[in-house]
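Q: whatever this is, show me its structure:
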Amino acid sequence: MLRKSEYTLVRSKRKTVSVSVTREGEVVVRAPLRMPAGAIEDFLSRHSVWIERSRAQALSAAAQRGTLSQEEKDRLSERARAELPGMTLKMAEEMGVSPTGVRITSAQTRWGSCSAKNTICFSYRVMLLPQPLIEYVIVHELAHIREKNHGAGFYRVLGAFMPDHRERERAIRELTPQLPL
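A: The predicted structure follows:
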């Protein structure tokens, strides 16, 4: 059983309780504002086997993954600034969409995002991916200019421009835990 000091509790206006384990092995519990502490503890107790297995996997992957030096981060960031805007604008033209801008960030938990105003942001970490997966991230974010959510319409747009998107998405999921932070 997890002690309160072994997890982060986030209360919000939600109806259900959930638990997740970060890439670093930290346990995060999300619970409704008024859920009693005892109910949260019962939930954690019922899911303790999954939590411990997930923590062990995350910690093992983190130990193998390593971290990037500041010099490596700077080099990846420079390369991203040099390459991603041009690639993005070329693909946007092919897709018939117009991003309002392309930014490079230091995000660690997402490859990219598309704002409500159609600004596309990419983590410099995208440059750790093989070229076909970089292209997938770009097309994924550009598809959000047409469809802001991940509903059926979004996947129709994505599939129209990248028929093998499922394979590329699977490859990213498999590769991500091995990449350095």
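Q: ok but K90 is inside a helix, no?
A: Yes - per DSSP: H, G, I helix; E, B strand; the rest coil, K90 lies within a helix segment.
Q: just give the closest residue to E169, not the sequence neighbours.
A: Nearest non-adjacent residue to E169, counting by C-beta to C-beta, 6 or more residues apart in numbering: Y136, 6.7 Å away. Any C-beta I mention is one placed from the backbone N, CA and C, and that applies to glycine too.
Q: can you tell me the centre-most residue of the chain?
A: Taking C-alpha atoms, centre = their mean as the criterion, R110 is the residue nearest the geometric centre of the chain, at 3.1 Å.
Q: which SSE is that one in?
A: Using DSSP states H and E, R110 sits within no helix or strand.
Q: follow-up on the earlier one: buried residues in whichever helix or strand the residue nearest to E169 is part of?
A: If you go by DSSP H and E, Y136 is part of helix 131-146. Buried residues in helix 131-146, counted by 16 or more other C-beta atoms under 10 Å: 133-134, 136-146.
Q: for that helix, name the packing helices and strands.
A: Helix 131-146 sits against helix 70-95, strand 112-114, strand 119-123, helix 152-161, helix 165-175, with contacts defined as 3 or more C-beta pairs under 8 Å, 6 or more residues apart in numbering; DSSP states H and E.
Q: for the ones you listed, give me TSV that also has distance to A31.
A: As requested, these are exported to TSV (distance: least, C-beta to C-beta, whole Å):
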stretch	distance to A31
helix 70-95	35
strand 112-114	26
strand 119-123	29
helix 152-161	30
helix 165-175	27
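Q: can you add mean pLDDT and mean neighbour count and give those back as CSV?
A: Listed next are these as CSV, based on pLDDT from 0 to 100; neighbours: other C-beta atoms under 10 Å:
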stretch, mean pLDDT, mean neighbour count
helix 70-95, 96, 15
strand 112-114, 96, 20
strand 119-123, 97, 21
helix 152-161, 96, 15
helix 165-175, 94, 14
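Q: which among those is found nearest to G38?
A: For G38, the closest of the helices and strands packed on helix 131-146 is helix 165-175, at 35.8 Å, according to C-beta to C-beta.
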